[in-house]
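Q: the sequence and its predicted three-dimensional model are supplied below.
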Amino acid sequence: MTAVADTWALCVRDLLRLWRQPWFIAVTLVQPVIWLLLFGALFERVVDIPGFHGGDYKQYLVPGVLVMTAFFSSGWSGMSTIDDLDRGVTDRFLVLPIMRWPLIAGRVGMNLVQLAIQSVIIIGLALITGVTFPGGPLGVVALIVAAALLGTGFAALSNALALVARKEESLIGAVTFLQLPLTFLSTAFMQASLMPDWIRSVSDYNPVDWAIRAGREAVGAGPDWATVLGYCGLLVAFALACLVLATRAFRAYQAQV
Amino acid sequence: MIQANDLKKGYGEVRALDGLSFEVPEGAIFGLLGPNGAGKSTAVKVLTTLARADGGEARVAGFDVARDARRVRRTIGVVAQKSGVDIDLTGRENLMLQGRLQGMRGRELSSRAEALLEEFGLADAAGRVTRGYSGGMQRRLDIAIGLVHRPKVLFLDEPTTGLDPEVRAAMWTEISRLQRDEGLTILLTTHYLEEADRLASSLAIVDRGRVVASGAPDELKAALDGDSVQVELDGVEANGNVHAALSGVGGLSAVSVDGRRLHARAADGARAVPAVLAALDAHAIPVASVRVARPSLDDVYLRYAGRSFAAAEAEKPTENKEAGR
């Protein structure tokens, strides 16, 4: 129970820090909007490709943009940890009589609050521009949950990297190295049946695509819940593995203090 | 209250701790004095459970730092060399967060936080984000953060490094008060001789990862018989030459040359000066200035570490490791 209270206290701390960076908040809120409008316009004619089913491209794009938003913003979670390492805050926390996992979970919690707000904006904007969600509110919730699970995993992974690399440059390098390839090795922008075979095979192992497949299935007409739950199960396993890894990374860090 | 026994720790090639041993009695202010890179910060990291020693063992308040880390953490307050203040939070928020993570709640916590803010002269600034605090204010907040859960043992790693002289003096008063009024056991590391002299009831001089001398500052100084005689030579002279010149002067001991500076000890320093000058003159060794002083901790350090404190500081063998995280 105390560990849960510690997680909450640390999460509130991160939310306060976030709240005091209005420019950062503005960027994180505007970015998904730009993606939705920009990619929606740029790839509008994709629907004309023979074999693409479904009417409006934006309708197809919304789950992809929401998952991409979760993936991109959670990737930078470790930057705050590098800040804490540099300022001696991490060292102060590590000599407190608390468990290690709340230090990760509190930060991931902040990322999830951020994602929840971004999701509301994306869904709201989608509705305004005429996108419909045949899967209903439950489908939308399932989409957000899938994105949140993915975000949890990558936020934890980003913190693990931060603790091991301990340098901003290394983390920025690793995150940017992963972001675009994992985004484009998925069905975010292009229907699976129109992808080259090898990309389709790779995307089977891409957690980003698990979230997109789960989310797109859930918001579509007559969702197959077994598929949604199957991918969500994979995402839960992915998130847990990353959380364990990040908690272990404190040991690696402390071994060289 | 604190026992370190034969602690060893290396970082790659560098041996930060090389058999460090000392003991701190309850209620004392104990100083670990040494130049940068002597291993003081590493010792604090091991004793506060942040780092693990490669060898040896240590106990704080009776608990083994490696096997019983949780219990040690509950007993100690830590003020690291690098401030651990979150600069995006206010002073009050910093204190409240630390208190919550120490398991404190509700009124107990808020009244403790307010009392500490008052005590450390931060009440007016408590609602301000600490990014705008001065170095002295941030350091006081660091100490308040370390004390929020009423620890029995407080670790202060270089608490006044980088502070203005008057702020440093105020900090010394504060530290003495904590020990006197609250009965805290305090382990303080410093590379300021004056700080160790002023604050520590007993101290250990650390050099290259081991204790070279320990005791109360006055005892250590008294153990050096007589005064310190320092001669600034005009131009660099070979060691052998100086030693040869002074070999005939009676009552002089512990002669050493450190660059252009010649150190020696004499039962009565003022009386020895004419003889020393005459002997140097006879060997045509030019002299720039002479100084006679009562023994200082610098002399103690020179005696046991074999080089002056300033020279050791200039070497800074593992400075990066020590100053870094």
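A: Alright, I've got the coordinates.
Q: get me the contact residues on the stretch 1-150 of chain B for chain A.
A: Neighbours of chain A within the stretch 1-150 of chain B, by CB under 8 Å from any CB of the partner chain: B:11, B:45, B:48-52, B:70, B:73-74, B:76, B:78, B:80, B:82-89, B:93, B:97-98, B:100-103, B:129, B:145. Every residue, glycine included, has its C-beta placed from N, CA and C.
Q: what sits against the residue lying farthest from the centre of chain A?
A: Distance from the C-alpha centroid of chain A peaks at residue A:50, with 31.5 Å (CA atoms, centre = their mean). With CB atoms under 8 Å, 6 or more residues apart in numbering or on different chains as the criterion, no residue contacts residue A:50.
Q: which pLDDT does the model give residue B:58?
A: In this model, residue B:58 is scored at 97, pLDDT.
Q: could you tell me which residues within the helix or strand harbouring it count as buried?
A: Taking DSSP states H and E as the criterion, residue B:58 maps to strand B:55-60. Residues B:56, B:58, B:59, B:60 are the ones in strand B:55-60 that count as buried (16 or more other CB atoms under 10 Å in any protein chain shown).
Q: please pick the buried ones from the residues of the stretch 1-150 of chain B next to chain A.
A: Counted by 16+ other CB under 10 Å, the residues of the stretch 1-150 of chain B next to chain A give B:11, B:45, B:48-51, B:73-74, B:76, B:78, B:80, B:82-89, B:93, B:97-98, B:100-102, B:129, B:145 as buried.
Q: let me see the contact set for the nearest residue to residue A:168 once chain neighbours are set aside.
A: Closest residue to residue A:168 apart from its sequence neighbours, by CB to CB, 6 or more residues apart in numbering or on different chains: residue A:82 at 5.4 Å. With contacts defined as CB under 8 Å, 6+ apart, residue A:82 is in contact with A:162, A:166, A:167, A:168, A:171.
Q: again, 10 Å this time
A: Shown in contact with residue A:82 (CB atoms under 10 Å, 6 or more residues apart in numbering or on different chains): A:90, A:158-159, A:161-163, A:165-172.
Q: just residue A:201 next, same as before
A: Counting by CB under 10 Å, 6+ apart, residue A:201 has contacts A:185, A:195.
Q: quick one on the thing from earlier: so what strands line up beside the strand holding residue B:58?
A: Counting by DSSP bridges, the strands paired with strand B:55-60 are strand B:2-11 (antiparallel), strand B:63-64 (antiparallel).
Q: how far is whatever helix or strand comes next after the last one from where the chain is centred?
A: Just to be clear, that refers to strand B:63-64. Per DSSP H and E, the first helix or strand lying C-terminal to strand B:63-64 is helix B:69-75. Computed by CA atoms, centre = their mean, to the nearest Å, the chain-centroid distance of helix B:69-75 equals 24 Å.
Q: what's around the closest residue to residue B:265 other than its chain neighbours, how many residues?
A: Distance criterion CB to CB, 6+ apart; nearest residue to residue B:265, sequence neighbours excluded, is residue B:254 at 4.5 Å. Taking other CB atoms under 10 Å in any protein chain shown as the criterion, the count of residues near residue B:254 is 16.
Q: burial count for the residue of the stretch 101-250 of chain A at minimum distance from chain B?
A: Proximity of the stretch 101-250 of chain A to chain B (CB to the nearest CB) peaks at residue A:166, 7.8 Å away. Per other CB under 10 Å, the neighbour tally for residue A:166 reads 19.
Q: residue B:26 too?
A: Applying the criterion other CB under 10 Å, we find 12 residues in the vicinity of residue B:26.
Q: which helix or which strand is home to it?
A: Here residue B:26 is assigned to no helix or strand, by DSSP H and E.
Q: do you know the pLDDT at it?
A: The model reports residue B:26 with a pLDDT of 95.
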